[in-house]
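[1] what follows is a predicted protein model with its sequence.
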Amino acid sequence: MIVAIVLIGVVAVLRPMLVLQTVVAFVTIAYTAALAFRVVLVYAAGRGQHQVRVSDEEARAVPDADLPVYTVLVPAYREPDVIGLLMQHLGAIEYPRDKLEVILLLEEDDRETIAVAQAALAGSWAQILVVPESQPKTKPKACNVGLERATGELVTIYDAEDIPDPLQLRRAVVALRRLGPSYVCLQAELSYFNVDQNRITKWFALEYATWFRSLLPGLVALRMPIPLGGTSNHFRTRELRDLGAWDPYNVTEDADLGIRLARSGYRVGVLWSVTLEEANSDFINWIKQRSRWYKGYLMTWLVHLRSPRATFRQLGWRGLLCLNLFVGGTPLAALLNAVLWATTLLWFLDRPAVLQEIFIAPYYYLGLFCLVFGNATVIYLNVLSVRTMDRPDLLGTALLSPGYWVMMSLAGAKAAWQLVFKPSYWEKTTHGLHLPKTAAAPEVADV
C-alpha cells in the first residue's frame with residue numbers, strides 16, 4: 001500500500017490529469033460493482049427461503065433434559081438506567097434456569113453500573129463478572145474475558161438494551177442440531193422497538209430490515225462470508241475458542257469474526273428469530289455509533305487483505321468479492337459520497353472545464369447511470385423493506401433516504417480519521433434514550 005501511494009504521488013506530479021482520470025474511472029467502476037452486488041444479493045434472497053425456521057412448537061418440544069447449557073454474555077458499560085429492564089427481558093427467556101448461565105460483563109471503573117447491577121441481581125440466577133481495567137477497553141475484550149468463565153456448550157451475546165425473542169435460545173439449539181457440525185454460528189435478526197421515535201429511528205429500522213431480510217440471506221444463498229452483527233449471534237463454544245474468539249482491537253468485532261469463520265471453513269446461518277434493540281434517536285449519538293461500525297469494517301477489510309493470496313485461497317473468489325464490495329465497499333462508499341456529491345454540485349453551479357476532462361466519456365455515462373438508476377435502486381430497496389415490514393406509514397421515510405445518506409457520509413469521514421489516529425478507541429454510545437427523562441427506575445422482575 002505504501003509503495004502504491006508513493007507511485008501514485010510520483011505520477012501525480014508528472015501527469016496529474018492521468019491520475020485524476022484513473023481514480024475517477026476506478027471509483028466509478030467500484031460503485032457500479034457494489035450497486036450490482038447488492039441487487040444480486042436481494043435477488044438471490046428473494047429466490048428462496050434462506051433463513052433457518054424453527055416453529056414455536058418445535059422449539060418447545062425439546063425436553064429440558066436434552067437442552068445443552070447455554071451461556072449468555074451481556075457486556076455493558078455505563079448503563080445503569082437499563083439494568084432493571086435487562087433483567088426483565090432476560091427473565092422472559094424460555095429456557096431451564098439450571099441450564100442457563102447469564103454473565104453480566106462490567107468494567108472495573110464503572111462503579112455506578114456495578115452498584116445498580118448488584119442490587120438488581122441480588123438473589124437471582126445471573127452473575128456479575130467485573131472485567132479488570134486494561135487496554136484496549138472494548139466490547140470484544142470484555143466478551144473474551146466472559147468466554148473464559150463460560151461453561152455452556154453454546155454461547156450468545158446480548159446487549160444491555162436488547163429484548164430477545166423468548167424462544168430464541170431453544171430455536172438456536174434445534175437449528176444447529178438440524179444443520180450439523182459444519183455450521184458453528186447462527187445470526188438472529190435484529191430490529192428496533194422504538195421505530196417511531198423520530199425520523200432517524202425510522203431510517204435506521206428500514207436499513208436493518210434491508211440488511212437482515214435481504215442482504216444477509218442473499219449472502220447465505222450465494223455461500224459467501226457473513227459479517228455478523230454485534231448481538232444475537234449464537235456460537236458453538238468449542239469452535240469459537242479454537243478460532244481465538246473475538247479480536248479485542250477490532251471495534252466491529254463480529255464482522256471480523258464472520259470473515260474468520262469463513263476462512264476457517266465454517267458456515268454461518270441466519271436464524272428466523274428477532275431481537276429488538278434500541279435505535280439511536282440522537283444525531284450525535286448515531287454518528288458515534290455508525291463511525292465506530294465503519295471504522296471496524298475498514299479495519300476488518302484491511303486486516304484480511306494483508307495477505308491477499310492466502311485470503312483468496314481460503315475464501316475463493318466469492319468470498320473475496322464479498323470482502324471488497326460489501327465489507328470494504330460499505331464504509332468507503334459512505335466516505336466518498338460527499339466528494340462525488342460536491343463534484344456534481346460544482347458541475348451544475350460552474351461547469352469547470354477540468355471536470356469535463358476528468359470524467360472521460362465511458363466513465364461519465366457509467367457515473368450518470370449510478371447517479372440516476374443506482375440511487376433509485378437503493379431507494380427502491382428501502383421501499384421494499386417497507387413492504388417486508390408491513391409498515392406502509394414508512395413509505396415517506398423511505399423516499400427521503402438521501403437525507404440518511406448524508407449522515408452516513410459524515411460518519412464515514414469520522415471513521416477514516418479515527419482509523420488513522422485512534423484505531424481501537426471504542427466510542428461509547430448512550431442507550432436508554434427512548435426512556436422518559438423523568439421516568440422512575442423500572443421494577444426488577446423476580447428472576
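    Nice, I can see it. Numbers count the residues shown, from 1 in each chain.

[2] count of residues packed around the nearest residue to Ala33 once chain neighbours are set aside?
    Nearest non-adjacent residue to Ala33, counting by CB to CB, 6 or more residues apart in numbering: Leu325, 5.9 Å away. Backbone N, C-alpha and C define where each C-beta goes, glycine included. Number of residues near Leu325 (other CB atoms under 10 Å) recorded here: 21.

[3] next, Leu325: secondary structure please.
    helix (DSSP: H, G, I helix; E, B strand; the rest coil).

[4] tell me if I'm right that it and Thr32 touch.
    No. Counting by CB atoms under 8 Å, Leu325 stays clear of Thr32, with 10.5 Å between them.

[5] how about the contacts made by the residue nearest to Ala33?
    By CB atoms under 8 Å, 6 or more residues apart in numbering, the contact list for Leu325 reads Ala30, Ala33, Ala34, Phe37.

[6] Asn382 versus the first one, what's the distance?
    Distance, Ala30 to Asn382, by CB to CB, to the nearest Å: 22 Å.

[7] check what pLDDT the spatially closest residue to Trp125 that is not a sequence neighbour gets.
    Distances taken as CB to CB, 6+ apart place Arg97 nearest to Trp125, at 5.2 Å, with adjacent residues excluded. Listed pLDDT for Arg97 reads 93.

[8] domains in the protein, by residue range?
    Domain assignment for the chain, taken from automatic domain parsing, gives 19-48+307-421, 51-282.

[9] among those, which is the most enclosed?
    Comparing the domains of the chain by mean neighbour count (mean count of other CB atoms under 10 Å), domain 51-282 ranks first with a mean of 20.

[10] any idea how far apart the tips of that one sit?
    Length of domain 51-282, first residue to last, CA to CA, to the nearest Å: 32 Å.

[11] do stretch 68-84 as well
    27 Å.

[12] quick one: it to chain centroid distance?
    How far stretch 68-84 lies from its chain's middle: 19 Å, per CA atoms, centre = their mean, to the nearest Å.

[13] same question, stretch 152-168
    16 Å.

[14] please save the CA atoms from it in PDB.
    Provided in PDB are the C-alpha atoms of stretch 152-168 (Å, rounded to 0.1, in the frame of the first residue of the first chain):
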ATOM      1  CA  GLY A 152     -22.100 -23.500  28.200                       C
ATOM      2  CA  GLU A 153     -21.900 -25.700  25.100                       C
ATOM      3  CA  LEU A 154     -23.400 -22.800  23.200                       C
ATOM      4  CA  VAL A 155     -22.900 -19.100  23.800                       C
ATOM      5  CA  THR A 156     -24.600 -15.900  22.600                       C
ATOM      6  CA  ILE A 157     -24.200 -12.200  23.100                       C
ATOM      7  CA  TYR A 158     -26.900  -9.700  24.100                       C
ATOM      8  CA  ASP A 159     -26.500  -6.000  24.600                       C
ATOM      9  CA  ALA A 160     -27.900  -4.400  27.700                       C
ATOM     10  CA  GLU A 161     -31.000  -2.900  26.000                       C
ATOM     11  CA  ASP A 162     -31.900  -6.000  23.900                       C
ATOM     12  CA  ILE A 163     -35.300  -7.700  24.000                       C
ATOM     13  CA  PRO A 164     -34.700 -11.200  22.600                       C
ATOM     14  CA  ASP A 165     -37.300 -13.500  21.300                       C
ATOM     15  CA  PRO A 166     -38.100 -15.600  24.400                       C
ATOM     16  CA  LEU A 167     -37.700 -18.800  22.400                       C
ATOM     17  CA  GLN A 168     -34.500 -17.700  20.600                       C
END
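
[15] after the top helix by length along the chain comes which helix or strand?
    As assigned by DSSP state H, the longest helix anywhere in the chain is helix 16-46. Once helix 16-46 ends, the next helix or strand along the chain (criterion: DSSP states H and E) is strand 51-52.

[16] and the contacts of that next one?
    Counting by CB under 8 Å, 6+ apart, residues outside strand 51-52 touching it are Ala175, Arg178, Leu179, Leu186, Glu189, Pro217, Val220, Gly269, Val270, Leu271, Trp272.

[17] make JSON lines out of the residues you listed and add secondary structure, pLDDT and distance to Ala416.
    Converted to JSON lines, these look like this (DSSP: H, G, I helix; E, B strand; the rest coil; pLDDT from 0 to 100; distance: CB to CB, whole Å):
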{"residue": "Ala175", "secondary structure": "helix", "pLDDT": "97", "distance to Ala416": "38"}
{"residue": "Arg178", "secondary structure": "helix", "pLDDT": "95", "distance to Ala416": "42"}
{"residue": "Leu179", "secondary structure": "helix", "pLDDT": "94", "distance to Ala416": "38"}
{"residue": "Leu186", "secondary structure": "strand", "pLDDT": "97", "distance to Ala416": "33"}
{"residue": "Glu189", "secondary structure": "strand", "pLDDT": "94", "distance to Ala416": "30"}
{"residue": "Pro217", "secondary structure": "helix", "pLDDT": "93", "distance to Ala416": "30"}
{"residue": "Val220", "secondary structure": "helix", "pLDDT": "93", "distance to Ala416": "30"}
{"residue": "Gly269", "secondary structure": "strand", "pLDDT": "94", "distance to Ala416": "33"}
{"residue": "Val270", "secondary structure": "strand", "pLDDT": "94", "distance to Ala416": "30"}
{"residue": "Leu271", "secondary structure": "strand", "pLDDT": "95", "distance to Ala416": "33"}
{"residue": "Trp272", "secondary structure": "strand", "pLDDT": "94", "distance to Ala416": "36"}
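
[18] could I get the domains of the chain as TSV with distance to Met1?
    Below are those laid out as TSV (distance: least, CB to CB, whole Å):
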stretch	distance to Met1
domain 19-48+307-421	11
domain 51-282	19
